[in-house]
Every structure is written in C-alpha cells, then in structure tokens.
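# quick one, fold the following:
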Amino acid sequence: MTSKTGTKKKSRRQHSPEFRAEALALAEKVGISKAAQELGLHSSQLYGWRSRARTKRDQSDLEQSQAAEIARLKRRLAEQEEELAIVKKAANILRQEPEVKYVFMGEHQGIFGISAMCRVLQVSRSGFYAWRHRENHPSPRRRRREQLDKAVNEAFDARKGRSGSPRLVHDLADAGHYHDRKTIADSMRRQGLRAKAAKKFKATTNSRHNLPVAPNLLQQDFTATAPNQKYVGDITYLWTGEGWLYLAVVIDLYSRLVVGWAMSERMTAQLVCDALQMALWRRRMPTGVIVHSDRGSQYCSGSYQQLIKERGLLCSMSAKGNCYDNACAESFFHSLKVEAIHGERFATREEMRQTVFEYIEVDYNRTRRHSANGFISPEAFEAKNVA
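Got it, this is the predicted structure:
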C-alpha cells in the first residue's frame, strides 16, 4: 500500500493467541524491552498485550468469584426453601416435646434432610438417632404407651378431630381402654392432637323493632325433667361462595336434642316457623311446651306468634341484649361452627346444607357426647331415660 507522499506503509504482523501468551511469558522472564527485541516486536505491543491479558484475567477472576457466590446463594436458598417446607409441614409441633418432633422427623426423613429438620425443630441429631434406636428396641412401658397413643389417635379421628380429652375418655372406655383424663391429655399432647378451637360468639338476629315481646319464662333455668317441657330456638348465619345461608334450630333442653331445624337464603319469619313446625312433627304435636328465643323480629312476627298460639305453646323471650338467656342454643351453634364449619370452604349453599344436615342428624344428635347428659349423646340419653 502506498501513501500520498509515495512512501510505503508497513503493515503490522498478526499474532495468534498462543504466540501472545508465550511472548508475555518471555517478557515476564527477561523484561519487556529485551523480549520485544528478541521477538522483533515493538515494546508497545507487549505492553498492550499484557494490559489486555490482565484485564481478561481480572474479569475471569470476577466471574469465578460471582459464580461461586451465586452457587453459595443457590445452596442457601435451597436450604431455606427446605426449612420453609418443614415449617409448613410441622407448624403444629414446633412447641411440642422433642419426641413429638422426632416422630415427625422419622416420618419425613425421606423428604427432608435430617440436619435441616434438626435446625428447624431445634433438636439435636444425636437425640433423634437415640430416639430412633429406642423405637427399634422399645421397652414394655414404651409398647404400652404406643398402644395407648394408637387408640387415642383412632378415637380422635373417629370424632373428626372434634373431641378433647374429656369426651375421648368415654369413647375409649366404651372400646375397653380405661384411662383417666390426664393420661389421655398427655397422649394427645405427645401426638400433637388438639380439638378444634373456639370462635367468639356474635349475635345474629335484630331486636330493634316495635313488635310485642313475650316475658322471660325460662329465667336461665336450662333444666328439664322430661322431654317436651322446654325448647330453645335461635338463628345463625353460615357463609358460602354463593352468599349467606341462615340456619334456625329448636333444641329440647331435656336431652339437648335438636328436634327442629330449617335453612334458607333469607332470614325470615318463615325460617323460624319451619324449624318449630319440624320440632312439633318430630315430637308428635306436644302442647304446653315453653318455647324460648331471643327478641329477634322473626320470633316476634305475627306468623310465628300465631303458630305458637295455634299449637298451644308458651312463648318465652330473653331479656334485651342478654345472650346468656339463650346460652344453650348459642352453645350448639358454637359446637357446629367449631367442629364442622371453621377452617372449611363451601363453594355452594348446597354443600353447606349437606354438612349442617350431617352434623345435626348424624353426629350431634346420635353420637356426640354432651356434658349435660353425662357424656352420652342426646338420642342415647333419651333412649336410656325415657320409657
């Protein structure tokens, strides 16, 4: 190539990466100037190659450091995800005795690492392995306790997790396992079994109206010496994906049997009339029964009062704003919601209807032990005491 001045411009030689690497190695040994002279290069070329090589090396070191940090963070993230999964699985046993935690670890050791479970549950590896050894070589006392725990667990499941130690004592006794309440409570605690918890009561009916009200004939005396002496009624609301479903019940205070019930999308006077009508049909049209309720407009309505009058019943109503005057009905709703409703999701009113029906007619009336009945069910109490 010839320039405008007529002089020929000398083209720079191209060098492979291998050549550059070896040239820099020589320069490290003898110095830049001497290496350039021996290789027929300009010193500036070697300085440039060395600068670029150092930059590339620094970038490589940074990338390696970043890769190592990313790997460390990924390991830590995996550990935290595992620990979170353990917490979700073991949330109900985090405050339990170590042996309860060891049971969980034994059941999940194929899913989670032993070390991770020990960290989350705050127990030692040596303690877990010692427990596992004891499990494989149980003492006679241990075998007896395992048999008790199994019986308690089966009884608890049979009651759908609704019964605590007072009721389970009687269930187990019926099955031939005689233990006191403390022993049953200890077994439940070991296994992390807890009956469904209570929720705060909230009033449902509206007593702000100008309709006439009846006197309080019950006066918080919830005892009865025979069926069809005293009934109590009330309304509650139950949420579904389609909206509210209202439930009205009538309970015979003699046995706490739910003798009448009705459900509707609306909280109307017809709802309470239907519940009372079911109770009368079920009890073969008794007369002279005290029928107690709150002062809600449904119970003060003309249609409900007409039904009371036509059937020869005695209407009784709670004092204004006193929920204790109708405590038995509220206690039933408490049991229903705690044992069958809370924690569940109902997409439709029909699903809720079926659940309420089964709770009343299958569980509550027929099998649920009631403390007022000496821990037997309402139907069993009446079968035992009514000729």
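
# C-alpha from now on. contacts and neighbour counts both.
OK.

# surely C315 forms part of a strand?
Yes. According to DSSP: H, G, I helix; E, B strand; the rest coil, C315 belongs to a strand.

# for it, give me its contacts.
Each residue near C315 by CA atoms under 8 Å, 6 or more residues apart in numbering is listed here: A214, P215, L217, I290, V291, H292, Q305, I308.

# domains in this structure, by residue range?
140-191, 230-386 (the TED database).

# just the ones of the contacts of C315 in strands?
Here DSSP state E is the test, and these give I290, V291, H292 as lying in strands.

# show me where the stretch 151-300 of the chain has helices.
Taking DSSP state H, counting those that start in this stretch as the test, the helices found in the stretch 151-300 of the chain are 165-174, 181-191, 269-282, 297-300.

# what comes up buried for the second one?
The neighbour-count check on helix 181-191 (16 or more other CA atoms under 10 Å) flags R181, I184, A185, S187, M188, R190, Q191 as buried.

# identify the residue nearest Q277 in space, chain neighbours excluded?
Take Q277 and drop its neighbours on the chain: the residue closest to it by CA to CA, 6 or more residues apart in numbering is G260, 7.3 Å away.

# now swap in L276 and tell me
Spatial nearest neighbour of L276, chain neighbours left out: G260 (5.9 Å); criterion: CA to CA, 6+ apart.

# hang on, the earlier thing: how about TSV for the buried residues of helix 181-191, with pLDDT and distance to V232 added?
As requested, the buried residues of helix 181-191 are exported to TSV (pLDDT from 0 to 100; distance: CA to CA, whole Å):
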residue	pLDDT	distance to V232
R181	77	32
I184	74	34
A185	80	33
S187	77	37
M188	79	35
R190	79	40
Q191	78	39
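
# out of the residues you listed, which comes closest to K88?
Closest approach between the buried residues of helix 181-191 and K88, by CA to CA: Q191, at 17.1 Å.

# just the helices of the stretch 151-300 of the chain: most buried one?
Ranked by mean neighbour count, these are led by helix 297-300 with a mean of 25 (mean count of other CA atoms under 10 Å).

# which one (most neighbours) among the ones in strands among the contacts of C315?
Neighbour tally across those (other CA atoms under 10 Å): the maximum, 28 neighbours, falls on H292.

# what bridges to it?
V232, S316 (DSSP bridges).

# let me see the contact set for it.
Residues near H292 by CA under 8 Å, 6+ apart: N216, L217, L218, K230, Y231, V232, G233, C315, S316, M317, S318, N326.

# what pLDDT does it get?
We have a pLDDT of 95 for H292.

# coming back round to it: and of the helices of the stretch 151-300 of the chain, who's closest to S335?
Among the helices of the stretch 151-300 of the chain, helix 165-174 comes nearest to S335, with 13.6 Å by CA to CA.

# and the angle for the closest one with helix 181-191?
100 degrees (axes from the mean of the first three to the mean of the last three CA atoms, to 10 degrees).

# now stretch 259-272, how far from the chain's geometric center?
Here stretch 259-272 shows a centroid-to-chain-centroid distance of 30 Å under the convention CA atoms, centre = their mean, to the nearest Å.

# pull the residues that contact it.
235, 244-252, 274-280, 282-283, 297-299, 301, 303-304, 353.

# in this protein, which residue is closest to the centre?
G343 (6.2 Å; CA atoms, centre = their mean).

# three-state assignment of it?
coil.

# contacting residues for it?
Applying CA under 8 Å, 6+ apart to G343 gives no contacts.

# mind pulling the model confidence for it?
According to the prediction, G343 has pLDDT 79.

# show the backbone phi and psi for it.
Backbone torsions of G343, given as degrees, to the nearest 10, read phi 90, psi -10.

# that one and S33, how far apart?
83 Å (CA to CA, to the nearest Å).

# then F381?
111 Å.

# so for the two, which sits in the more crowded spot?
F381 (21 against 15).

# that one against N373, yeah?
Yes. F381 is within contact range of N373, at 6.3 Å (criterion: CA atoms under 8 Å).

# adding distance to L148, write the helices of the stretch 151-300 of the chain out as CSV.
CSV is the format used below for the helices of the stretch 151-300 of the chain (distance: least, CA to CA, whole Å):
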stretch, distance to L148
helix 165-174, 10
helix 181-191, 7
helix 269-282, 41
helix 297-300, 49
